[in-house]
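Peer 1: Okay, sequence plus prediction incoming.
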Number of protein chains: 2
Amino acid sequence: MAEHDGGLDSMSLNKLDCHSSSTLSSSSEQENEIFTKLKVSLTDDYPRKNAEILSGQYGTNLLLIGVSLMLAIGNNGASVKEEYLLSFITTLILVQLLWMMWYIVRRGMQSNLQAEKDVHATTSWIKGGLTLLALLSLIMDAFRIGYFVGYRSCLSAVEVVYPIIHATHTIAQVHFLWFHIKDVIKSFETFERFGVIHAVFTNLLLWCSGVMSEANHFLNHHNTRLNALGFVNLTIVEPQCNCTISGCSMFADGLYYLYPFNIEYHIFVSVMLFVMWKNIGRTIDLQYNRKRLATRTQWLVVGPILGLTALASTIGVLVVYIIHVEDALDIRESTIAMFYYYGIVMLVFMCSAGITGLLIYRADPMPMDTTKNPSRKLDTELLFGSSVGSWLMSWCSVVAVSASRSSPSYRWTNLMYSLLSILEKYIQNLFIIESLYRQREDGEREDAEVGGPAPEIFSVTSSLAPTYNGIINQAYENPDKGCVTLENEQKENGQGTGCTQKHLEVPLQVENNVEVNPSKKRQILKNIAVFLFMCNISLWILPAFGCRPQYDNGLEEETFGFTIWTTVLNFAMPINLFYRMHSVASLFEVFQRV
Amino acid sequence: MAEHDGGLDSMSLNKLDCHSSSTLSSSSEQENEIFTKLKVSLTDDYPRKNAEILSGQYGTNLLLIGVSLMLAIGNNGASVKEEYLLSFITTLILVQLLWMMWYIVRRGMQSNLQAEKDVHATTSWIKGGLTLLALLSLIMDAFRIGYFVGYRSCLSAVEVVYPIIHATHTIAQVHFLWFHIKDVIKSFETFERFGVIHAVFTNLLLWCSGVMSEANHFLNHHNTRLNALGFVNLTIVEPQCNCTISGCSMFADGLYYLYPFNIEYHIFVSVMLFVMWKNIGRTIDLQYNRKRLATRTQWLVVGPILGLTALASTIGVLVVYIIHVEDALDIRESTIAMFYYYGIVMLVFMCSAGITGLLIYRADPMPMDTTKNPSRKLDTELLFGSSVGSWLMSWCSVVAVSASRSSPSYRWTNLMYSLLSILEKYIQNLFIIESLYRQREDGEREDAEVGGPAPEIFSVTSSLAPTYNGIINQAYENPDKGCVTLENEQKENGQGTGCTQKHLEVPLQVENNVEVNPSKKRQILKNIAVFLFMCNISLWILPAFGCRPQYDNGLEEETFGFTIWTTVLNFAMPINLFYRMHSVASLFEVFQRV
């Protein structure tokens, strides 16, 4: 029934009114009017759906230009040089800087008008983590400049201009994110959409370029090792002149360890900006601006202890692995076997924790929270999407182990490890997503109090919102259907009560449920979240700092061949790192919610 | 305001009621009760969000197993043989057949209960097209069996079992799609979700395997040609024995031309099944079950004439290209140049048509249709997503042309062609998506009549729906917010009228607008849709039947190297074919709507 009035507000009704009266005039006048209207609607803002597609396509094409340049560079000795790519990225960065300046200045001039904010968009701890990553990126830029100074006689000037611009970009962007990422943009919507999506895809391109450089670094490292062991003879890309300062090798090694942080920084920023893009023109329910209840931390013992144990043993394994994997063949083999044993124990614990959490949820049915929340939806999709990379890697291992003709000691532990890591992601995703979508118990209690006055707050928001652009945006959003369903149900029941009244009943009944039962369950869930949090950090640390048995064990390389397997790893490894990082962030949120 | 009552229906309220009363009993009783409830909720259906993730992850992993097997096969001479992959696919097909049988039998037994249908899920002409593709797939299977018979002395038995099973699967699946694709499943939801997603990913895997085979076929063909020209000396995969029947070469050539249809068939089926999966547990508004107005076809002259001209010239170009591209270097070069000139003319016309359509829309602002429609949403995403493949290809061409050291006669026409094909997809996507999302004029007029009784129809649907599963599903859907916004607006205006009343005002005003003005605009739009429809068929025919200058012009291969460029093409070509096919389907819908 209520399916198209959504798209019509008083403004567009007026337009239609004019339109219908015009149809009474003569046809030449009509044509004139069409052209006038056309002029108006071309300078006017575009309808929301079109503006999204328009800007989304623009951003995608930016990324694809960058990717095709990278592919051309990937073919060594071709006519496309890395400087072209760096110049392209630099241009994008400069455009983004200009847009951010324009945005900040314009906001500053409008500071009298109180801007709407989306409180879900980010939290202060995410901002803190991001700032940390940005700092590490800045250090990386400093190292790059140092590296250039060392080899300045044989490196192009772009190699020093680029890190300087990148550092400027990092500082400006962190400032922007701190003060504007929650903004819900309501003016110049079409233009701002282009600005934000430009920023999103600039960061995505920086991410891609980071991934490519990291893969190159790692491959160089791997080749150096293979050369040293005498396995193969591959050419290694290095500057053609000698270093003129003392810190060159320190800079090169430092870059190797700093790359992962830079990569995470860019993907995080683009995700946050994407949420900002989705929020453009939205109407936010102000009632969400509630404070979070303090997190209770008593009984938080088992989770942290197990988690810290996992973290400590991880660091032990990492050190042993890095020292011994370059040794003779038998020590190398037992080092890899050790890694797999350790991994199996970790994953079994993680699976058990996840299953326990899911069983607790099953024992305690709770309605899902169905409110509109682009940030959470994106979180879910990213979690699911980034699992695909490591699932592919694991399934390739399974195929390789099953088909392999050689049989090193770690053959079957590798199989177990791969299967468990598929299962673990399966369970962990279910646990995190269910945790994020369950209605919050304390949130609901608060809503019981807020429930009454909410409609007034809502209408205040609506009236605060600036001019509509022909089509009302909140209608496109469909944040909830609320009344419609309930009203129908009530009619059936013959109650005929209003919407708000029904609304108040619900949370009160939930409230009864909350007071007595949950503290024990909540404590278990909190412990699980902390434990999984630490475990995911551990499983992030290992590959990030060079413990990658997939490169070293040789089984997959035998089955897939060097080229295919390296391609799979270059695709899957960064995504796997991102998955772990993102799980850590999500589990922190789970910890705060349960 | 109405944000969480969405998740609560009377059933779940009852559960919560029980729950809160239980909290008054002692703690051991409480634990017992937890276990009982756990048992119940484990056998019960899962909440919707979780069931989606659960089954989605299952399907993704099926696909990944298949992909990793393909990657292993891609490494020639490895221990993984193609038979393994075929056996895996055969198993999946058999499981799907079992599920479909179970589903059909169960539906047959419940035939007294009138099932809900999603009328948007498919149209009879899509079903017709699908049946045609399925028939061509069956012919392909027959050719495969014939090919096996010819080479039976040196081919494995799997090579004949597989086409037989594939043919059975095709027949059963087409039957299933004809009679059940519109079903909205409301019982055994979690189990059915697994069944449907299994079918989706089985078809996706068949699609991947088809793409791989097609790429192999094409590469073989390409290599044969290069060998013949004496450029390179590559090994060509062929059976190791002689053919014992007369039709072998006919079968091999036929397979080459039938592959594209089989590929399209599988991707189409998986898209349709995906919509069915998204529909599980949905509540459909019955009011949508309205008849379509007859499409008026007077004034439909310019579009079809231009379109047929394009189609005819395409076939001419195709024939000339295929005959002359294997000739000596200078004829070859002028053939490729001819292709680019032809392409530029086509694309310029298509861009102009798209821009005209968009300008007409700008001159005639119309609210967007914001109703829930998973099928349309998916259409939009597929259109956008599949553009990425050919955009990547075009940008690579642009990079190659700009960087190339050699300068054949078609260098700059290639650049123009690539840039235009990027622009053309950009504009066409905007046009199609806006057309699909604009409110239908005739639809609205009908709604003005339906508007009044709609709420009753709606509640009938709700009461017809079988048991709820703890959580009301339609709440998760958020089909529209309707009343909520309007009510607030009305409160501000001090009107205080009801929802339905406001609702009735709107379409009537639109109606005035419709009667006089639009016939000319609609005719132009219809002509544009027909023209673009034919052009997209043309641009599908060319690569599908072997006119692929990207392989033949040598510019890109020079810049990217053979491996990278072939990989890009193997990825982008099938996606580009799919894009054209999908545009044809969407443009047909646009034609019916405008």
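Peer 2: Perfect, I can see it now. As the structure is a prediction and not an experimental result, all values here were calculated from the model.
Peer 1: list the buried ones in the helix or strand residue A:105 falls within?
Peer 2: Per DSSP states H and E, residue A:105 falls inside helix A:82-109. Residues of helix A:82-109 classed as buried by neighbour count (16 or more other CB atoms under 10 Å in any protein chain shown): A:82-86, A:88-90, A:92-93, A:96-97, A:99-100, A:103. (C-beta placed from N, C-alpha, C; glycine too.)
Peer 1: And for stretch A:51-66?
Peer 2: Buried residues in stretch A:51-66, counted by 16+ other CB under 10 Å: A:51-57, A:59-66.
Peer 1: count of neighbours near the closest residue to residue A:432 other than its chain neighbours?
Peer 2: The spatial neighbour of residue A:432 that comes closest, neighbours along the chain excluded (CB to CB, 6 or more residues apart in numbering or on different chains), is residue A:586 at 4.9 Å. Burial of residue A:586 is recorded as 26 neighbouring residues (other CB atoms under 10 Å in any protein chain shown).
Peer 1: Give me the phi and psi for the residue in the stretch 301-450 of chain A positioned nearest to chain B.
Peer 2: When scored by CB to the nearest CB, the stretch 301-450 of chain A has residue A:367 as its residue closest to chain B, at 3.7 Å. The phi/psi pair for residue A:367 (degrees, to the nearest 10) reads phi -60, psi 150.
Peer 1: My guess is it contacts residue A:437. True?
Peer 2: No - applying CB atoms under 8 Å as the test, residue A:367 and residue A:437 come out as separate, 9.7 Å apart.
Peer 1: Looking at those two, which is more packed in?
Peer 2: Taking other CB under 10 Å, residue A:367 and residue A:437 do not tie; residue A:367 has more neighbours (27 against 23).
Peer 1: and the more buried one, how far is that from residue B:258?
Peer 2: Noted for residue A:367: a distance of 51 Å to residue B:258, by CB to CB, to the nearest Å.
Peer 1: shaky segments in the stretch 151-300 of chain A?
Peer 2: For the stretch 151-300 of chain A, the stretches with pLDDT under 70 are A:225, A:229-239, A:284-298.
Peer 1: what helices or strands is the helix holding residue A:105 leaning on?
Peer 2: Packed against helix A:82-109, as judged by 3 or more CB pairs under 8 Å, 6 or more residues apart in numbering or on different chains; DSSP states H and E, are the following elements: helix A:48-74, helix A:158-180, helix A:189-229.
Peer 1: now it against helix A:189-229, angle please.
Peer 2: Interaxial angle of helix A:82-109 relative to helix A:189-229 (axes from the mean of the first three to the mean of the last three CA atoms, to 10 degrees): 140 degrees.
Peer 1: Give me the buried positions along the helix or strand just after helix A:82-109.
Peer 2: Using DSSP H and E, the helix or strand that follows helix A:82-109 in sequence is helix A:124-150. Using 16+ other CB under 10 Å as the test for burial, helix A:124-150 gives A:126, A:129-130, A:133-134, A:136-141, A:143-150.
Peer 1: What about residue A:302, how many residues nearby?
Peer 2: Residues lying near residue A:302 (other CB under 10 Å) number 14.
Peer 1: which residue sits closest to residue A:144, ignoring its sequence neighbours?
Peer 2: Closest residue in space to residue A:144, ignoring its immediate chain neighbours: residue A:163 at 4.1 Å, by CB to CB, 6+ apart.
Peer 1: which residues touch that neighbour?
Peer 2: Residues near residue A:163 by CB atoms under 8 Å, 6 or more residues apart in numbering or on different chains: A:141, A:142, A:144, A:145, A:148.
Peer 1: Tabulate those residues in a markdown table, adding columns for pLDDT.
Peer 2: Below are those laid out as a markdown table (pLDDT from 0 to 100):
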| residue | pLDDT |
| --- | --- |
| A:141 | 93 |
| A:142 | 93 |
| A:144 | 89 |
| A:145 | 91 |
| A:148 | 88 |
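Peer 1: Output those in JSON lines; the columns should cover distance to residue B:311.
Peer 2: Below are those laid out as JSON lines (distance: CB to CB, whole Å):
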{"residue": "A:141", "distance to residue B:311": "56"}
{"residue": "A:142", "distance to residue B:311": "61"}
{"residue": "A:144", "distance to residue B:311": "55"}
{"residue": "A:145", "distance to residue B:311": "59"}
{"residue": "A:148", "distance to residue B:311": "57"}
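Peer 1: how close does the residue most central in space within chain A sit to residue A:378?
Peer 2: Centroid-nearest residue in chain A: residue A:271, 4.4 Å away (criterion: CA atoms, centre = their mean). Residue A:271 sits 7 Å away from residue A:378, going by CB to CB.
Peer 1: Quick check: phi and psi at residue A:366.
Peer 2: phi -150, psi 130.
Peer 1: OK, contacts around it?
Peer 2: Contacts of residue A:366 (CB under 8 Å, 6+ apart): A:438, A:439.
Peer 1: per-residue confidence at it?
Peer 2: Turning to residue A:366, the model gives it a pLDDT of 78.
Peer 1: got any ranges where chain A has weak pLDDT?
Peer 2: Ranges of chain A meeting pLDDT under 70: A:1-46, A:76-78, A:111-115, A:225, A:229-239, A:284-298, A:440-518.
Peer 1: contacts for stretch A:523-540?
Peer 2: Outside stretch A:523-540, the residues touching it (CB under 8 Å, 6+ apart) are A:298-304, A:306-308, A:310-311, A:314, A:346, A:349-350, A:353-354, A:356-357, A:360, A:428, A:431, A:435, A:577, A:580-581, A:583-584, A:587-588, A:590-591, A:594.
Peer 1: Got a PyMOL select line for the buried ones in these?
Peer 2: In PyMOL syntax, the buried subset of the contacts of stretch A:523-540 is picked out as below (16+ other CB under 10 Å):
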select buried, chain A and resi 300+303+304+306+307+310+314+346+349+350+353+354+357+360+428+431+435+577+580+581+583+584+587+588+590+591+594
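Peer 1: Appreciated, that's everything.
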